[in-house]
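**Q** Following is a predicted model, sequence given first.
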Amino acid sequence: MFPRSIRTTLLAGAIGLLCLPLSGHAQARNYPDKPLTFVVPFGPGSATDQLARAIGQGVTEQTGQAVVIENKPGASAMIGASDVARAAPDGYRVLITTNTSQSANPHLYKKLSYDPVKDFEPVTLLGTGGQIMVVNPASPAKTVEDFIKLAKENPGKLSFGSGSSSSRVAGELFQQMAGIQLLHVPYKSNPLVITDLLGEQIDMMMADMATGLPQVKADKLRALGVTTVEPSPLAPEVPTIAAAGVPGYQMGYWFGAYVPANTPEAVVSALHDLLVNATTRTAAQQFYTQTGTQPVTSTPAELADFQKQETEKWGGIIKNAGIQPS
């Protein structure tokens, strides 16, 4: 029998434990028992936004819980990433993002408002994709070589817009490898770039396929090339940029899901299973098919390793492109 003082201490401790929040495993058993929010660090209509909505629909089909899409564009995805980094670590606020926030930004900015590694728990990869080089149909450039010739005749006068680091670095790498000088115009999100390109306010954009290809199919923009190694099956008539005038050129991007650091492992695991399953459902499959995005998923550990490798890769691309951190 314990002495009375120890019995009192143990009783107090037991009462205290009852007052503690649910453990990770208990949380996971009940998760999700309320609506989730997917934070997208880009604007409505962007590829990330479209994927988040498709994945959200798949999660709702599995759980019966609503998934709210919250767009927080700006500052090269830093606003949205910072929002989730500061959120409660309970699995209900999820960052659906790209290499922009998690791999490229550390090399593009001297100071970030979040730490891409320490502030998050990786959940899963959601896909990989390529980009398409587009101009307004009124542009005299009908091929990649035409655009390069035009840029060399007008150094620093032609512009390219970007609403993500992927889009920006694709454009910066293009001008570096093509030996031309372009004016970079930053935007909060890629759909805003499309709007100004349609209005002839800028001259060129490296758009994600989900944003740019529909405009090409509607004859509102002209495609000059794709950034992938092989032509896209969605637009086989569009050559690769490497084959069309810039040998060796290649760029791409990836999507991933993250939650705040210290989210219980059991909750991360439960969310992981929901997201991976969502990628196989109708809405997500339609997104992948219609945008030429490759459905790719991973374990949390695999995403962490992949992010590390990608951060090193993007650092090399950015350095070689001569981009100075701002």
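**A** Cool, got the structure.
**Q** Okay, domains of the protein per the record?
**A** The chain breaks down by automatic domain parsing into domains covering 25-130+253-320, 131-244.
**Q** Tell me which of those sits nearest to Ser326.
**A** Proximity to Ser326 (CB to CB) singles out domain 25-130+253-320 among the domains of the chain, at 6.1 Å. Glycine gets a C-beta too; all of them are placed from N, C-alpha and C.
**Q** which residue is nearest the centroid of this structure?
**A** Nearest to the geometric centre of the chain sits Thr98, at 1.9 Å (CA atoms, centre = their mean).
**Q** Was I right to think it contacts Ala257?
**A** No - here Thr98 does not reach Ala257: they are 10.9 Å apart, not a contact under CB atoms under 8 Å.
**Q** Quick check: the gap between the residue nearest to the centre of the chain and Asp208.
**A** Between Thr98 and Asp208 the distance, using CB to CB, to the nearest Å, works out to 9 Å.
**Q** One more: Ile241?
**A** Computed with CB to CB, the distance linking Ile241 and Asp208 is 15 Å.
**Q** and Lys152, that's in a helix?
**A** Yes - assigned with DSSP: H, G, I helix; E, B strand; the rest coil, Lys152 falls within a helix.
**Q** That one - nearest residue in space that isn't next to it in sequence?
**A** Ile180 (5.7 Å; CB to CB, 6 or more residues apart in numbering).
**Q** on that earlier part again, now do the shared contacts for Thr98 and Asp208.
**A** Listed as contacting both Thr98 and Asp208 by CB atoms under 8 Å, 6 or more residues apart in numbering are 164, 166, 253.
**Q** where do the helices sit along the stretch 51-200 of the chain?
**A** For the stretch 51-200 of the chain, applying DSSP state H, counting those that start in this stretch gives helices covering 78-85, 99, 105-108, 144-153, 165-178, 190-198.
**Q** winner for burial among those?
**A** Stretch with highest mean neighbour count among the helices of the stretch 51-200 of the chain: helix 99 (a mean of 26; mean count of other CB atoms under 10 Å).
**Q** what does it contact?
**A** With CB under 8 Å, 6+ apart as the test, helix 99 has contacts from 165-166, 253-254, 310, 314.
**Q** Could you rerun that using 6 Å?
**A** Contact partners of helix 99, identified using CB atoms under 6 Å, 6 or more residues apart in numbering, comprise 253-254, 310.
**Q** quick one: which of those residues is nearest Thr63?
**A** Using CB to CB, the contacts of helix 99 come closest to Thr63 at Trp254, 25.4 Å.
**Q** where exactly do the strands run in this structure?
**A** 36-40, 67-71, 93-98, 120-129, 131-135, 159-162, 183-186, 204-208, 222-226, 253-260 (DSSP state E).
**Q** Hmm, Leu221 and Val134 touching each other?
**A** Yes - Val134 lies in contact with Leu221 (CB atoms under 6 Å); the separation is 4.4 Å.
**Q** Between those two, which has more neighbouring residues?
**A** Neighbours were counted for Val134 and for Leu221 using other CB atoms under 10 Å; Val134 has more, 27 against 23.
**Q** Now do the more buried one against Ala284, distance only.
**A** Val134 is 25 Å from Ala284, where distance means CB to CB.
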